[in-house]
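*Asks:* build the 3D model from these lines:
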Amino acid sequence: RIVAVSDTHGFNQKLPEGDIFIHCGDFCNSGSTDNVIDFCNYLSTLKFKHKIVIGGNHELSLDIQYSTSPEDLSLLNNAKN
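*Replies:* Numbers count the residues shown, from 1 in each chain. Below you'll find the predicted structure:
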């Protein structure tokens with residue numbers, strides 16, 4: 001079973017069970033590094049065998065053009081899988 005969502009904007013919803021989870025973008029409100037790390041931590045609690053996440057236009061900190069510091073990139077790289 002595939003569970004696909006998008007545009008949750010920080011709202012961690014109760015999800016049905018499945019094998020594959022796909023988030024099709026806009027899991028953040030502001031797109032800050034903290035928002036992305038919070039989402040990664042939430043993602044690590046989900047019991048799906050496979051997880052696919054696509055950055056949307058609200059996940060600006062995932063775009064190297066918008067990332068403000070090497071520390072931000074380091075935090076994102078060290079977030080839970």
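*Asks:* quickly note the distance from the nearest residue to Val53 once chain neighbours are set aside to Leu43.
*Replies:* Counting by C-beta to C-beta, 6 or more residues apart in numbering, His23 is the residue found nearest to Val53 once chain neighbours are left out, at 4.8 Å. No exception for glycine: its C-beta is placed from N, CA and C like everyone else's. With distances defined as C-beta to C-beta, to the nearest Å, the gap from His23 to Leu43 amounts to 8 Å.
*Asks:* now do the shared contacts for these two.
*Replies:* Among the neighbours of His23, those also in contact with Leu43 (C-beta atoms under 8 Å, 6 or more residues apart in numbering) are 51, 53.
*Asks:* quick one: mean pLDDT over the helix ranked longest in the chain.
*Replies:* Ranked by residue count and defined by DSSP state H, the top helix of the chain is helix 33-45. Here helix 33-45 scores 87 as its mean pLDDT.
*Asks:* elements contacting that helix?
*Replies:* With contacts defined as 3 or more C-beta pairs under 8 Å, 6 or more residues apart in numbering; DSSP states H and E, helix 33-45 has these neighbours: strand 50-53, helix 70-77.
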